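Asker: structure for the following, please:
(one chain, ligands or ions: 1)
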Amino acid sequence: MPLQLLDTAFPDIKLIALRQFADERGYFIEHFRAQQYQDLPGQNGAFVQDNFSHSKRDVLRGLHFQNPNGQGKLVRAVQGSVYDITVDVRADSPTFGQWQALVLSSEEPRHLWIPPGYAHGFLVLSEQALVEYKCTDYYTPQSEACLRWNDPNLGIDWPCEAPLLSDKDRNGQTLKELLEAGRCPAAN
Ligand SMILES: Cc1cn([C@H]2C[C@H](O)[C@@H](COP(=O)(O)OP(=O)(O)O[C@H]3O[C@H](C)C(=O)[C@H](O)[C@H]3O)O2)c(=O)[nH]c1=O
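Answerer: Numbering: from 1, shown residues only. Next up, the predicted model:
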């Protein structure tokens, strides 16, 4: 059965509805089938790394991207709900600096496909959240960039004024600083 790709504000970022089989025991979801996830918009290769993070309410993780070694990400909120942000950081993109917010919740099982070229992060809306995501390239710390969550030039509308951040994220760079430092990828 082919994937059901749902459009978002960016043409190459897609929501993918997952089928949930509920019964008196609970539910079953076929979470990933490699042959279906081979030709997503902007996909730069097979999924090679799975990540998993657990966070409390008001935790904000991000906004991160890698360049080089850009990672496509297939993100799901396995438990709880998150306010998920993607920002176009491709220097020559007509939507450079634009962002979108989507709520990912375990109540509505969906994957969010994010090709390389976007900074990604999320704010936890529920008491806690388990987020699982597959990546199309390996974590390469030396190529990771951190875009400041509250960059005034982006004007991201976060539903929390004082999120809980890592030191790294608290000290993220503005998109202007990242662009001037040559850290933003090209659109291809
Ligand atoms: C991302 C990553 C991290 N780590 C180590 C490095 C640190 O010692 C520790 C926590 O890393 P970090 O604070 O960067 O974790 P998050 O803030 O959840 O990072 C993620 O935040 C947003 C939501 C993303 O989309 C990125 O994929 C990812 O960067 O795990 C690893 O060993 N492998 C990895 O792939």
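Asker: close to the ligand, is stretch 130-148?
Answerer: Yes: looking at stretch 130-148 against the ligand by Cβ under 6 Å from any ligand atom, the contacts come from Y139. Every residue, glycine included, has its C-beta placed from N, CA and C.
Asker: pull out the buried residues from that stretch.
Answerer: Residues of stretch 130-148 classed as buried: 130-137, 143, 145-148 (neighbour count, 16 or more other Cβ atoms under 10 Å).
Asker: next one: stretch 112-128
Answerer: Buried residues in stretch 112-128 (16+ other Cβ under 10 Å): 112-126.
Asker: wait, does that stretch contact the ligand?
Answerer: Yes: judged by Cβ under 6 Å from any ligand atom, stretch 112-128 comes into contact with the ligand through H120, G121, F122.
Asker: start and end of that stretch, how far apart?
Answerer: By Cα to Cα, to the nearest Å, the extent of stretch 112-128 from end to end equals 19 Å.
Asker: same question for that stretch, mean pLDDT?
Answerer: Across stretch 112-128, the average pLDDT comes to 98.
Asker: the strands in this protein, which residues?
Answerer: 5-7, 14-17, 20-23, 26-29, 49-56, 60-66, 73-79, 81-88, 99-105, 110-114, 118-124, 128-135, 144-146 (DSSP state E).
Asker: tell me which of these is the most buried.
Answerer: Sort the strands of the chain by mean neighbour count, taking mean count of other Cβ atoms under 10 Å, and strand 118-124 sits at the top with a mean of 25.
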